[in-house]
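[1] The following comprises the amino acid sequence and a computationally predicted model.
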Amino acid sequence: MPIQHLTDSIPATNGRQPTLLVQDLAFHYPDGHEALKGVSLQVAPGEKVALVGPNGAGKSTLMLHLNGLLQGKGVVAVSGLPVEKQNLPLIRSKVGIVFQNPDDQLFSPTVFEDVAFGPLHMGLPEADVRARVARALAQVGMAGFEQRLSHHLSLGQKKRVAIATVLSMDPEILVLDEPSAGLDPRSRRALINLLRDLPQTMLVSTHDMMLVYELFPRTVIMDEGVVVADGATQELLHDAALLEAHGLERPYLVTVTTAG
Amino acid sequence: MFMNPIFADVLWLHVPDGFLSPGIAIFCWALALLAVGLAVRNARETFDERLVPLAGVMAAFIFAGQMINFPVAGGTSGHLVGASLAAIVLGPWLGILVMTAVISLQGLLFQDGGLLVMGANILAMGVIPALVTYGLYRLVVARAWRTRLIAVAAFAWLSVMAAALFVALGLGFSGTSSFRLAVPAMLGIHALIGVGEALITVAALSFIMRTRPTLLAESAEAGGKGWIVGGVIVTLLVLLLSPLASSFPDGLEWVAEENGFIHTALDAPYQLLPDYTIPFFGETALSTIIAGIVGALIVAGLTIGVVRLLRTRRHA
Amino acid sequence: MHINVFDHYHEQTTAVHRLDPRVKVVVVVLFILSNALLPDGVWLAYALMGLLIWLAARAANLSMGFLVKRSLIVLPFLLAAITIPFTLPGTTILTFHVGQHALSMSDAGLIRFISIMVRSWLSVLAAIGLTATTPFPDLLHALRHLHVPRVLIAIISFMYRYLFVLADEALRLLRARESRSARSLAGKGGGSIWWRAQVAGSMIGQLLLRSLERSDRVYNAMLARGYRGELLTMTTHEMTSRDWWVGATAVTLLLLIQVGGHTFL
């Protein structure tokens, strides 16, 4: 699918290049199912954005476009670099996607090998790779787990290591799919703290509205392949009609504050 | 203590170290390497960079699938061996690779099957069943699915019998067991194990035919026509040898003959290089290894020759 | 339940554990090879091979009880050789009467049977010792360094990783069947054999489709982290002079026992 070169005409946000730019992105699967019907979205450097919407809204399909695993019609660009075949190696080091199931993300026998996979395949020398692995594991609070076998980790630990596997690539934007799904309250809390502390630009798909409320100033709502709302989390979460129309829950805290 | 009860029924095809003579073990290794090498090359052509994750996960699937049993009768249970299912669903080349990974890991991690005899185990549980099941399956690919399923049941059963016969012959030629007893015993036990493999393979395939028929259409053509020839030849050999093998000359006699042959074979190079002697080192030890390698080279040469011949024919 | 029981690695920091895995692999393979090459009935040579195992187990702080228990896995296979004492010609030492038939056991046959048994057992002990002192990922590194084709090693490495995931999935399916049919895993179930096979077959079919989908997702996760068809790995082990010395000593001992086994013992 040819993608237009729009590098020059990419609109700047506040004079800065957006970290992520998606414009009129459309995609249908080989079976004809139309997953994305013209999605447009921009994420500025340093922004933390929540992506919510019911199952089948197209969130995961959108994520697969951000590093070129899927390529549809329209524009996707990361820091001004269009997502195209010849740019893929660079794009993939800039966009760190953490998939929902850490058992898919962690495919190597040991934690070290998994965290080293990205930098190693970016062609970095071994000393750099080791330094990055150590730093990424320290960032997610898993230093010292290098030689552990992935299948011996708890789900919460696996999720942390999964995040480390992309942090080690030093990405410009972190894209996370359902990071808090299936976690017990304590691991969920630890994960929220971790996401809060990470300085990277973030786009996080989730059903966990409390997480959205707590962590993300801005929320994008998707349904049936289009963006139906994009704005300040505070405002969107108070719009009961909007949330209900797209099958989303209002977090309890918001309900209480609205009533009071 | 965890003793891997899962594999109790499949164990008979996992030959441990020490049960095959070194010559035969190394001979089998060489053949297995040849087959696996071909499998890697062909599977790479088809699957490209997807090969590693696909084969790895599917090998883990076969391992997990072997845990799913069903009670047959009298306290015994039916199990999946897996080679037939893998060959039909994934195609023969990928099937062989997947079974090779399963056998290697079981040998390396669980000592389920030896290391020196791993080549023989790869042939028995990977290559031979792929030849029999897939080779014969290609003959019925175009039939109605009910016919295909019934045929697959027969092929899967036959593939287990072929593997059992192969192991029995290996034991017999190694002088570990007498042909008179090993052949009927192995075939007898595996006639039952084969029923389990046949039932479960067919049941799994019918599930896949109902839910994802396209999958089977893709893999049906994954191997060339040569597989039919190979499958038919191995099947004929099994049918021919099963009744005959029990009357083969017994164990050590054959080993003795083998050694005699080796000594004559080795005399030639010794005469060419009169100084070439290894002090203190038992001649038998070295000579069996060399004999294994020489034998394997001859077979490999023949195989490559035949493959080349078939290729040029096809192109002509 | 988690399938962690599969792992037989015993975490410790003994000299044997720290030995370069390449040395361990090569020595164990040579041990098994020289075992197989020893002739029948050289008891002293077998004893020396056993002594090597015992010394290695001592140094690795592994109990012989553990090794022996694990090694029982070859027991059933001994049946395959059980006929040898009765079929190999030699001096009769024992005769069993079974009804009208007489089975006579020959000395040569008995010696061969015991020799096969001992050699096989020693080989299994050595292999168990290897897995008990070497984490499996290190074992794979060693094989890679020893030029086993990389594709194969990569496939085995992925299999090792997903073994646990898929075995857990299989156990969940088994438990679901169990809770619906109210019977134990090994117990006799209802329905015809074909019906029971169909239940198991559907579970396997389901597992297969899920595994295929998983392999797709794993492939995507690899691509997302820069995989382009070639799997790169780091050099994780360096051979030290100690590794060389231990390896050379072990090989020399094996050679000596081999020569002895063929000439004096």
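    Noted; the coordinates are in hand.

[2] contacting residues around the nearest residue in space to residue A:46 that is not next to it in sequence?
    In this structure, residue A:46 finds its nearest non-sequential neighbour in residue A:201, 5.7 Å apart by CB to CB, 6 or more residues apart in numbering or on different chains. In short, each C-beta sits where N, CA and C put it, glycine included. Taking CB atoms under 8 Å, 6 or more residues apart in numbering or on different chains as the criterion, residue A:201 is in contact with A:19-20, A:43-48, A:172-174.

[3] got these as JSON lines, with distance to residue C:132 columns?
    JSON lines is the format used below for those (distance: CB to CB, whole Å):
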{"residue": "A:19", "distance to residue C:132": "50"}
{"residue": "A:20", "distance to residue C:132": "50"}
{"residue": "A:43", "distance to residue C:132": "51"}
{"residue": "A:44", "distance to residue C:132": "55"}
{"residue": "A:45", "distance to residue C:132": "52"}
{"residue": "A:46", "distance to residue C:132": "51"}
{"residue": "A:47", "distance to residue C:132": "52"}
{"residue": "A:48", "distance to residue C:132": "48"}
{"residue": "A:172", "distance to residue C:132": "45"}
{"residue": "A:173", "distance to residue C:132": "45"}
{"residue": "A:174", "distance to residue C:132": "41"}
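
[4] Out of the residues you listed, list just those in strands.
    Filtering those for membership in strands, criterion DSSP state E, returns A:20, A:43, A:48, A:173-174.

[5] near chain A, which residues of chain C?
    For chain C, the residues in contact with chain A (CB under 8 Å from any CB of the partner chain) are C:2, C:4, C:7, C:135-137, C:140, C:157-158, C:160-162, C:164-165, C:214, C:217-218, C:220-228, C:232-235.

[6] Sort out for me which of those are in helices.
    Cross-referencing those against helices under DSSP state H gives C:136-137, C:140, C:157-158, C:160-162, C:164-165, C:214, C:217-218, C:220-224.

[7] what's across from the most centrally placed residue in chain A in the sheet?
    For chain A, the residue lying nearest the average C-alpha position, counting by CA atoms, centre = their mean, turns out to be residue A:175 (1.5 Å). The residues paired with residue A:175 through beta bridges, assigned by DSSP bridges, are residue A:97, residue A:203.

[8] For residue A:42, see how far away it is.
    Relative to residue A:42, residue A:175 is positioned 14 Å away (criterion: CB to CB, to the nearest Å).

[9] show me what contacts the residue nearest to the centre of chain A?
    If a contact means CB under 8 Å, 6+ apart, then residue A:175 has A:63, A:66-67, A:95-98, A:202-205 as its contacts.

[10] Can you tell me the element the nearest residue to residue C:194 once chain neighbours are set aside falls in?
    What sits nearest to residue C:194 in space, not counting adjacent residues and going by CB to CB, 6+ apart, is residue B:199, at 6.8 Å. With secondary structure defined by DSSP states H and E, residue B:199 is part of helix B:179-211.

[11] tell me the mean pLDDT over that helix?
    Here the mean pLDDT over helix B:179-211 is 87, rounded to a whole number.

[12] can I see the domain layout of chain C?
    The record's domain parsing of chain C by automatic domain parsing lists C:8-144+C:238-263, C:149-224.

[13] got a list of what residue A:69 touches?
    Residues in contact with residue A:69 (CB under 8 Å, 6+ apart) are C:220, C:223-224.
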